[in-house]
Each structure stands twice: as C-alpha cells, then as structure tokens.
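[1] Pasted the sequence and its predicted model underneath.
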Amino acid sequence: MTEIILGLIPEYGLYIIFITVILACFGIPLPSSILVLTSGALAAAGDLIIWQVLLVATIAYWIGDQLAFAIARFAGPSLLTRLRQIQRTKPILNKSEALLKNYGWLAIFISHTIFSPTGPYVSYVSGAVKTNWFKFTAIALPSSTLWTISYAMLGYLFAGELPQMSDLVTSMLIVGIFTAISIALAIWLTILWQHFEA
C-alpha cells in the first residue's frame with residue numbers, strides 16, 4: 001500500500017497528499033507520516049514545491065481532524081462502541097481514551113505531534129465526550145501544524161542519505177530545535193487551557 005501511494009506522488013502530487021492525510025485523520029491505516037516526509041524530499045529534488053506541500057498537508061490535517069471530531073460529536077459514545085468492536089482499533093482507542101482522561105489537553109497535543117497514530121482516536125474520543133470545540137481546536141490546530149512542518153521539513157532538509165557525521169550532527173540539532181518548539185508550544189497551550197478554565 002505504501003509503495004502504491006508513494007508511486008502516485010510524481011503524477012498526482014498534492015492531490016495524493018491531500019486525500020491521504022485527510023483519510024489518515026479518520027484512523028484509516030495510510031502512511032501519512034511517510035508520505036509527508038517523502039513529499040518534503042521530493043520538494044528538495046524539485047519535483048514538488050515545499051510551500052505547497054506544507055500548505056496542502058496542513059490544511060488536509062486541519063480538515064480531517066475537525067471532521068473526525070465533528071462526526072464523533074454527532075454520533076456520540078455509540079461511535080466509540082462500534083470502534084471497539086474492530087479488533088485493530090480497540091487497543092489504540094482504549095489507550096487514547098486513557099490518555100485524554102489522564103492528561104487532558106496534553107493528550108490532544110501529544111496525539112497530534114509525537115504519538116500521531118493516536119491522533120484520530122483522541123479526536124474521536126474528544127468529540128464523543130463533548131469536549132469544548134474551541135478548546136480542542138485551540139490545541140489541535142497548532143499541534144497538527146507543528147507535525148506537518150516537522151515531517152515535511154525533515155524530508156526537505158535531509159532528502160539524501162546521511163553519509164557524513166556532520167550531517168548527523170546537523171540532524172540532531174534540527175530535532176533539538178523541533179523539541180524546543182514543541183516544549184514552547186506546550187507551555188503556551190498550558191497557559192491557554194488555564195485561561196479557559198478560569
């Protein structure tokens with residue numbers, strides 16, 4: 001499946017990115033992370049344009065994530081019951097529910113950045129338990145934007161192999177920068193969340 005999707009990028013490019021990222025937001029097992037990373041590398045090679053990759057992938061993530069939240073909000077807990085009946089989704093749904101219960105807004109942030117495979121299910125749970133839409137969106141949008149930029153730019157910056165140690169050191173610096181951005185964003189979201197609860 002991954003090879004087929006990646007093989008379609010040279011011909012259909014941004015359309016494939018848009019559709020794949022949106023569908024991945026519903027928990028459909030598609031290689032959105034690899035796709036965005038590869039798209040960044042293709043942009044470095046001149047096959048795509050990096051700002052277009054960033055824009056399309058980010059908007060697709062926003063749309064898919066908001067739709068997943070809205071569907072779960074409309075369907076309510078019955079959607080979670082149906083998802084638990086699927087063997088593949090039951091463990092990750094339970095983990096996502098526990099994350100949201102134990103960590104609140106931080107679960108939304110983590111699931112949209114570091115632990116992106118849980119993203120769709122945290123969005124489903126958030127919608128099903130009637131999490132405030134504005135609070136959810138205030139955390140989900142910047143988090144998903146950070147995810148998109150991180151993957152696309154890592155693909156863009158390190159399109160080739162890393163044969164030399166200096167490249168490896170540079171990549172570690174980039175990871176450090178993205179980690180620092182993530183921490184800063186987490187602090188900002190904490191302040192924002194406390195403001196809403198005040």
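    Cool, the structure landed. Remember, it's a predicted structure, so these values are computed and weren't measured experimentally. Numbers count the residues shown, from 1 in each chain.
[2] Look at the spatially closest residue to residue 90 that is not a sequence neighbour and report its pLDDT.
    Distances taken as C-beta to C-beta, 6 or more residues apart in numbering put residue 84 closest to residue 90, at 4.9 Å, once the chain neighbours are dropped. For glycine as for every other residue, the C-beta is placed from the backbone atoms N, C-alpha and C. The model reports residue 84 with a pLDDT of 84.
[3] swap in residue 98?
    So, for residue 98, pLDDT stands at 84.
[4] Which secondary structure element is home to it?
    helix 90-103 (DSSP states H and E).
[5] That helix - contacts with which helices or strands?
    When contacts are defined as 3 or more C-beta pairs under 8 Å, 6 or more residues apart in numbering; DSSP states H and E, helix 90-103 packs onto helix 77-84, helix 105-111, helix 119-128.
[6] Could you pull out the buried residues of it?
    92, 93, 95, 96, 97, 99, 100 (16 or more other C-beta atoms under 10 Å).
[7] With stretch 72-81 instead?
    72, 73, 75, 79, 80.
[8] Please produce TSV containing those residues, extended by pLDDT.
    Compiled in TSV, these are given as follows (pLDDT from 0 to 100):
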residue	pLDDT
72	93
73	93
75	88
79	84
80	86
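[9] The residues you listed: which two are farthest apart?
    73 and 80 (11.9 Å; C-beta to C-beta).
[10] Please state the offset of stretch 12-28 from the chain centre?
    Its chain's C-alpha centre and that of stretch 12-28 lie 12 Å apart, by C-alpha atoms, centre = their mean, to the nearest Å.
[11] Tell me the secondary structure at the closest residue to residue 146 other than its chain neighbours.
    Once flanking residues are discounted, residue 146 sits nearest to residue 113: 5.6 Å by C-beta to C-beta, 6+ apart. Three-state call for residue 113 (DSSP: H, G, I helix; E, B strand; the rest coil): coil.
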